[in-house]
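Asks: can you look at this prediction? I've put the sequence above it.
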Amino acid sequence: MDTLVRYEVDGAVARLTLDSPHNRNALSTALVEQLHEGFARAAGQSGVRVVVLGHTGGTFCAGADLSEAAGRDPADIAVDRAREMTTLLRAILELRLPVIGAIDGHVRAGGLGLVGACDVVVAGPGSTFALTEARIGVAPSIISLTLLPKMTPRSAGRYFLTGERFGAEEAAAVGLVTVAADDVDTAVAALAGEIAKGSPQGLATSKALTTAAILRDFDEHAEELTQQSARLFVSDEAREGMLAFLQKRSPNWAD
């Protein structure tokens, strides 16, 4: 199996690096499985106090890998992808180790869900963010579970609807990321160093205080949002929106 997520440890820091640039680090089944393995490995490794989630290439994560839908029932793939996403986001939130997102590239769709799930996020000058789901007839259903608790209500109301692209400074201003930095590696190293001073018990319990309400919301709404996401994905509007996107034309509702 190809290595799509690289795992490295340096002292108290375990680094997971999304390394599938050929498809913009899309969340394929294999990549998601390797992420789960990496988080579990870090959690079980003595001396590790913090996980850094980074990427290779100019895109942090473009969301689901739609190429895997070929030959399968669209409704089945929609439900499977939604459930994979909720499981991954929940795994990050309930991990005993703090997770720092290290981003200096484009973030779209499910990639924003990963950003929302991280405890701390550093974004560099090459970072761009956009919630373009409504433009193709769907919605950020699953990822709203991690985005709405982090973004200000006004910013969510704007960017969920407009699909505008915004950068690291705006992302920090609206709460999506923690720090907008000129040098991501330096900023991440400094934050990881501070976190590494904490004890395993202290870090795990402190993190749990910040994620408890989000996890309760997961348990209440994840299945409902999974079904919503699947319904939207196989709708006539979504088919038209995705086809228009691929054909580089305006969808019929924009005529």
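Replies: Nice, thanks for sending it over.
Asks: packing partners for the helix or strand G202 falls within?
Replies: Following DSSP states H and E, one finds G202 within helix 200-233. Counting contacts by 3 or more C-beta pairs under 8 Å, 6 or more residues apart in numbering; DSSP states H and E, helix 200-233 packs against helix 74-94, helix 144-147. (Each C-beta comes from the backbone N, C-alpha and C, glycine too.)
Asks: distance between the next helix or strand after it and the chain's centre?
Replies: Per DSSP H and E, the first helix or strand lying C-terminal to helix 200-233 is helix 236-246. Relative to its chain's centre, helix 236-246 lies at 23 Å (C-alpha atoms, centre = their mean, to the nearest Å).
Asks: can you list contacts of helix 236-246?
Replies: Contact partners of helix 236-246, identified using C-beta atoms under 8 Å, 6 or more residues apart in numbering, comprise R135, I136, G137, V138, L232, S250, P251, N252, W253.
Asks: tell me the angle the helix holding G202 makes with helix 236-246.
Replies: On the basis of axes from the mean of the first three to the mean of the last three C-alpha atoms, to 10 degrees, helix 200-233 is oriented at 100 degrees to helix 236-246.
Asks: pull out the buried positions in helix 200-233.
Replies: Going by neighbour count (16 or more other C-beta atoms under 10 Å), the buried part of helix 200-233 is 203, 207, 211, 214, 218, 221-222, 225-226, 228-230, 232-233.
Asks: circling back: now flag whichever of the contacts of helix 236-246 is closest to E170.
Replies: Of all the contacts of helix 236-246, E170 sits closest to R135, with 18.9 Å by C-beta to C-beta.
Asks: can you map out the helices along the stretch 1-150 of the chain?
Replies: 29-43, 74-94, 110-117, 144-147 (DSSP state H, counting those that start in this stretch).
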